[in-house]
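Undergrad: heads up, no residue letters with this:
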Ligand SMILES: C[S@@+](CC[C@H](N)C(=O)[O-])C[C@H]1O[C@@H](n2cnc3c(N)ncnc32)[C@H](O)[C@@H]1O
């Protein structure tokens with residue numbers, strides 16, 4: 001952790017305003033189509049982005065080996081990586097700059113990156129190819145679905161959630177990935193001693209996370225050396241934010257033995 005970074009742990013919670021429900025009233029489109037009321041709330045926007053030719057070539061070469069869609073099938077990471085090793089999952093890996101650097105620094109872990117945005121995944125595939133990193137696999141799809149269906153309880157050594165979308169408007173707070181229920185599910189999936197590492201540059205989201213995690217009594221400060229690296233490289237996005245005056249808040253928690 002570098003300059004302008006504060007760490008918040010289970011003993012140092014902050015206070016928060018709570019999420020506000022959407023104040024949007026039903027318009028005529030909704031009245032005409034009641035199914036629109038049932039659209040699932042997600043933490044991501046649907047974004048379409050096509051791949052450049054070179055990205056498409058890398059995708060065609062590497063995706064069948066390194067990638068899979070989020071599904072309802074339990075994840076067999078030992079078979080997928082061809083080895084049994086501590087499992088670390090990064091949620092919302094974006095373009096994968098931190099993913100690739102951290103994987104190279106911890107060759108002893110099996111690292112799964114989960115991301116919905118295909119062009120971002122294509123950039124991660126390029127980092128993997130250029131860097132010769134062999135311990136990353138990628139799941140394309142909604143991390144909430146992955147947690148619900150693919151990951152066994154008490155099986156994960158670490159989760160990383162770096163700069164999750166802040167959804168700054170109060171009516172969108174329900175779209176934030178890190179809610180009390182999600183944090184509780186992440187903790188279910190962690191093995192005792194496993195680590196949850198979160199970073200955000202959004203002060204209001206940091207308070208929201210502190211509040212959302214407060215009911216979770218299975219999280220505590222690290223009690224010893226971390227089972228995964230906590231050295232997070234600064235991305236261009238983060239450096240730009242710091243220059244613009246943002247403070248980075250990191251949460252580093254360990255799942256307490258029950
Ligand atoms: C603000 S970006 C940060 C990316 C990266 N972690 C970084 O630090 O540069 C948040 C990323 O999370 C992804 N994302 C948001 N919700 C997600 C979900 N439920 N499942 C998978 N990816 C998600 C978005 O597509 C986006 O790429």
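TA: Here it is on my side, so go on. All figures in this text were calculated on a predicted structure; none of them were measured in a lab.

Undergrad: List the strands paired with the helix or strand where residue 112 lies, with their directions.
TA: Residue 112 is located in strand 110-115, with elements delineated by DSSP states H and E. Here strand 110-115 has these sheet partners by DSSP bridges: strand 87-91 (parallel), strand 136-140 (parallel).

Undergrad: The helix or strand just after that strand close to the ligand?
TA: Per DSSP H and E, the first helix or strand lying C-terminal to strand 110-115 is helix 118-131. Yes. Using CB under 6 Å from any ligand atom, we find that helix 118-131 touches the ligand at residue 120. For every residue, glycine as well, the C-beta is placed using N, CA and C.

Undergrad: which residues are contacting helix 118-131?
TA: Contact with helix 118-131 is made by 49-51, 55-56, 58-59, 61-63, 66-67, 93-97, 99-100, 104, 113, 115, 133, 136, 138, 140, as judged by CB atoms under 8 Å, 6 or more residues apart in numbering.

Undergrad: Buried residues, it. List them.
TA: Residues of helix 118-131 classed as buried: 118, 119, 120, 121, 122, 123, 124, 125, 126, 127, 128 (neighbour count, 16 or more other CB atoms under 10 Å).

Undergrad: distance of the last one from the ligand?
TA: Going back to what we said before, that points to residue 128. Per CB to the nearest ligand atom, to the nearest Å, residue 128 is found 16 Å from the ligand.

Undergrad: picking that back up, how about the strands paired with strand 110-115, which one is nearest the ligand?
TA: Smallest distance to the ligand across those (CB to the nearest ligand atom): 6.0 Å, for strand 87-91.

Undergrad: per-residue confidence averaged over that closest one?
TA: Mean pLDDT, strand 87-91: 98.

Undergrad: So which bits of that strand are buried?
TA: Of the residues in strand 87-91, 87, 88, 89, 90, 91 count as buried by neighbour count, 16+ other CB under 10 Å.

Undergrad: Quick one: work out the angle between that strand and helix 118-131.
TA: Here the directions of strand 87-91 and helix 118-131 differ by 140 degrees (axes from the mean of the first three to the mean of the last three CA atoms, to 10 degrees).
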